[in-house]
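Novice: Got a predicted structure plus its sequence, pasted below:
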Amino acid sequence: MTVWIENPFDNLPAEGFRPQRYWLMTEAFAKAGHDVTLWTSDFSHAKKAPRFLSKVEAPFRLKLIKTPPYSGNVSFKRIASHRAYAANWLADARAEAKESGKPDVIVLSMPPLSTADAALAMKKEFGAKIVVDVMDAWPETFERLFPAPLKFLSALALLPLRRAAKRAYRGANLVTGVCDAYGDIARKNGAREYARFYHGIDTSKARGANAQRQPLSFVYAGNFGRGYDLSAAIKAVLENEDATLDIAGAGEREAEWRALAAHSPRIRFHGYLSGEELDKLLDSASIGIIPLSDNTFVGLPYKLGDYAAHNLRMVTSLRGECAAILERHNAGAVYDAKDPSSFMTAAKKVQASTPDFDSLLSELDAEKIYASYVDRISALASTRQ
């Protein structure tokens, strides 16, 4: 098959970061012998900066799409940027199809929602099958941004996004996603079929247990956006002199969290780290934090696999499938968001547990997950659907 895969958000190994979902997925298609192209943005969503790649070694083509910059994750400028990205992708795709041939299958990341109409236009023009892969529940996750007294406005305000999502679900030949819960949303919006594929982690690079880790050494690595809340962790560490917290990443809540940490020497902010630097930081900790609340509609975050690959026990304020998979492998405990006492209770509970990291990593093994993904898409491509 000729396969195009599109996602504007994932970090790239060429930038010094670990391979994420769409890079690993693209590698799996290439390994299976398919002609594959990964389309992504020339703007780094994580760093909010232009992306410059001098040399990329990969068994597939990498295409960068011109993308206007934005600084806030929740902003009109970001919406405009996504629309421009989608329009530029459609123009580049038409040129690529004319020059090198049309795709048989297009795997489309959702979000953003703006690219769905571009992909559906390609479906009509190229005769390609469209697979919508749900990373995050848009626009459902935006409902949390409305204060309680204004919740009644969300239905009207989010109507254009709901219509865009519905067009994507109904127009796709297949909808896939990172958790089972997204299947309920997809089917409710007219999806023909849904298949769940967890985020995969490269288990060949998984690290063993580190005997030098201190019992209550916490780590958080990721985005500092509105959906994340480290307040309970920071307060708990401030209240417990034998606890430490290392925080890697950046985002709009950084100033708030730094102020809450009150320059404590036991709470350290590291900014963005390279893959090698992050490996060292995760190896030094004993407990990874997943500080997402249920109203973010996140099903299974990247962090779970990243932490598991470093044999980190976990505490999370995210229930549902995330909590279930941690419980299944005795690898994590749940705390109430914003409650430092609950956070520390969960931490001490999981510190006393005996996790089965081998079985957890087996369930999250990227090679198995994305090989199955390739098989599923290959079966789709052979149908007349």
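Specialist: Received it, and whenever you're ready, just let me know what you need.

Novice: C-alpha only now, for contacts and for neighbours.
Specialist: Fine.

Novice: do you know how far residue 261 is from residue 342?
Specialist: 18 Å (C-alpha to C-alpha, to the nearest Å).

Novice: of those two, who's got more company?
Specialist: Using other C-alpha atoms under 10 Å, the more surrounded residue of residue 261 and residue 342 is residue 261, with 21 against 17.

Novice: Now do the contacts for that one.
Specialist: By C-alpha atoms under 8 Å, 6 or more residues apart in numbering, residue 261 lies in contact with 234, 235, 238, 267.

Novice: Residue 275 too?
Specialist: 16, 17, 18.

Novice: can you list the residues you listed in a markdown table and add distance to residue 72, neighbour count and secondary structure?
Specialist: Shown next, in a markdown table, are the contacts of residue 275 (distance: C-alpha to C-alpha, whole Å; neighbours: other C-alpha atoms under 10 Å; DSSP: H, G, I helix; E, B strand; the rest coil):
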| residue | distance to residue 72 | neighbour count | secondary structure |
| --- | --- | --- | --- |
| 16 | 23 | 13 | coil |
| 17 | 22 | 17 | coil |
| 18 | 24 | 20 | coil |
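
Novice: Identify, from the residues you listed, the entry nearest to residue 362.
Specialist: residue 18 (18.4 Å; C-alpha to C-alpha).

Novice: For the closest one, grab phi and psi.
Specialist: phi -70, psi 150 (degrees, to the nearest 10).

Novice: thinking again about what came up before, so which of the contacts of residue 261 is surrounded by the most neighbours?
Specialist: Most surrounded of the contacts of residue 261: other C-alpha under 10 Å gives residue 234, at 24 neighbours.

Novice: The protein: helices as residue ranges?
Specialist: 21-31, 76-100, 114-126, 154-157, 159-171, 181-188, 231-239, 254-261, 275-284, 302-308, 320-328, 340-351, 357-363, 366-381 (DSSP state H).

Novice: a markdown table for those helices, including mean pLDDT and distance to residue 204?
Specialist: Below are the helices of the chain laid out as a markdown table (pLDDT from 0 to 100; distance: least, C-alpha to C-alpha, whole Å):
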| stretch | mean pLDDT | distance to residue 204 |
| --- | --- | --- |
| helix 21-31 | 97 | 13 |
| helix 76-100 | 95 | 34 |
| helix 114-126 | 96 | 33 |
| helix 154-157 | 72 | 44 |
| helix 159-171 | 92 | 34 |
| helix 181-188 | 94 | 29 |
| helix 231-239 | 97 | 31 |
| helix 254-261 | 96 | 33 |
| helix 275-284 | 91 | 14 |
| helix 302-308 | 92 | 13 |
| helix 320-328 | 94 | 21 |
| helix 340-351 | 96 | 25 |
| helix 357-363 | 94 | 10 |
| helix 366-381 | 96 | 9 |
